[in-house]
Structure formats: structure tokens, C-alpha cells
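> Fold the following and give me the result.
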Amino acid sequence: VVQDEEEAVKLFRQAADQGFTEAQKYIGGRYMLGLNGVAQNFADAAHYLRLVAEKGDADALCCLGFLCEHGQGTERDLGEAVRLYRAAAAQ
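Residues are numbered from 1 along each chain as shown. Below is the predicted model:
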């Protein structure tokens with residue numbers, strides 16, 4: 001089987017836009033880090049990770065906290081970052 005990263009990312013993005021949590025987490029992480037054929041885009045990372053964080057996912061809460069702490073893809077908000085980190089730690 002030939003791997004096609006571009007097609008895989010396209011399918012994950014479609015699934016994420018349809019509300020599939022694992023796809024949202026995958027795409028959010030790829031946007032945050034700029035991996036697997038996805039250009040780094042902190043605003044898109046924050047968007048997808050926020051969707052997953054709202055469902056209580058510890059990894060997404062932590063990543064979104066990092067973005068809030070550093071003002072990447074969202075306004076810098078240290079209070080929100082602390083809240084997100086605490087919520088992740090409580091999981």
C-alpha cells in the first residue's frame with residue numbers, strides 16, 4: 001500500500017469538520033507542529049484543539065493551554081492557560 005500523506009490529511013480534515021473528535025485532535029496537533037504535510041498554523045490549531053478540549057481531552061487542554069500561554073493562534077491569556085493546564089491535570 002502506497003502512503004499518501006496529502007490524501008490522509010485531507011480525509012482527517014474532512015472527518016474533523018464533521019465533528020469526529022480523534023480527527024479534530026489529529027489535525028489540531030498537525031497544525032500546531034506543522035507535521036505530515038500540514039503547514040504550521042496556530043490559529044487553525046487553536047480552533048481544532050479547542051473543539052476537543054471542550055470535550056475534556058487532557059492532551060488537547062494542555063496543547064491549548066500552551067497556545068494561550070504563548071499567544072500563538074489566540075490572544076495571550078495566562079489566566080486561561082492556567083485554567084486549561086489545571087483542567088488537563090485533573091483528568
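> What's the separation between Ala43 and Cys63?
14 Å (C-beta to C-beta, to the nearest Å). Quick note: C-beta positions are derived from backbone N, CA and C, even for glycine.
> Which one of those two is surrounded by more residues?
When neighbours are counted by other C-beta atoms under 10 Å, Cys63 comes out ahead of the other of Ala43 and Cys63, with 25 against 11.
> these two touch, right, the more buried one and Gly29?
Yes. Using C-beta atoms under 8 Å, Cys63 is in contact with Gly29, at 6.9 Å.
> Need the residues touching each of those two.
Listed contacts common to Cys63 and Gly29 are Ala45, Leu49; contacts here mean C-beta atoms under 8 Å, 6 or more residues apart in numbering.
> And for the helix or strand hosting Ala16, what's in contact with it?
Assigned by DSSP states H and E, Ala16 falls within helix 5-17. Under the criterion C-beta under 8 Å, 6+ apart, residues Ala23, Gln24, Tyr26, Ile27, Gly28, Arg30, Asn36, Gly37, Val38, Tyr48, Leu51 lie in contact with helix 5-17.
> so can I have CSV of the residues you listed showing neighbour count?
Formatted as CSV, those follow (neighbours: other C-beta atoms under 10 Å):
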residue, neighbour count
Ala23, 19
Gln24, 26
Tyr26, 22
Ile27, 27
Gly28, 28
Arg30, 22
Asn36, 14
Gly37, 13
Val38, 21
Tyr48, 25
Leu51, 19
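> now, which of those residues lie within helices?
Ala23, Gln24, Tyr26, Ile27, Gly28, Arg30, Tyr48, Leu51 (DSSP state H).
> can you tell me which two in the residues you listed are farthest apart?
Farthest apart among those by C-beta to C-beta are Arg30 and Leu51. That separation is 14.3 Å.
> Return the helix or strand in the protein with minimum mean pLDDT.
Scoring the helices and strands of the chain by mean pLDDT, DSSP states H and E places helix 5-17 at the bottom, with a mean of 91.
> Next, the buried residues of that one.
Val9, Phe12, Arg13, Ala15, Ala16 (16 or more other C-beta atoms under 10 Å).
> for stretch 77-91, same thing?
In stretch 77-91, counting by 16+ other C-beta under 10 Å, buried: Glu80, Ala81, Leu84, Tyr85, Ala87, Ala88.
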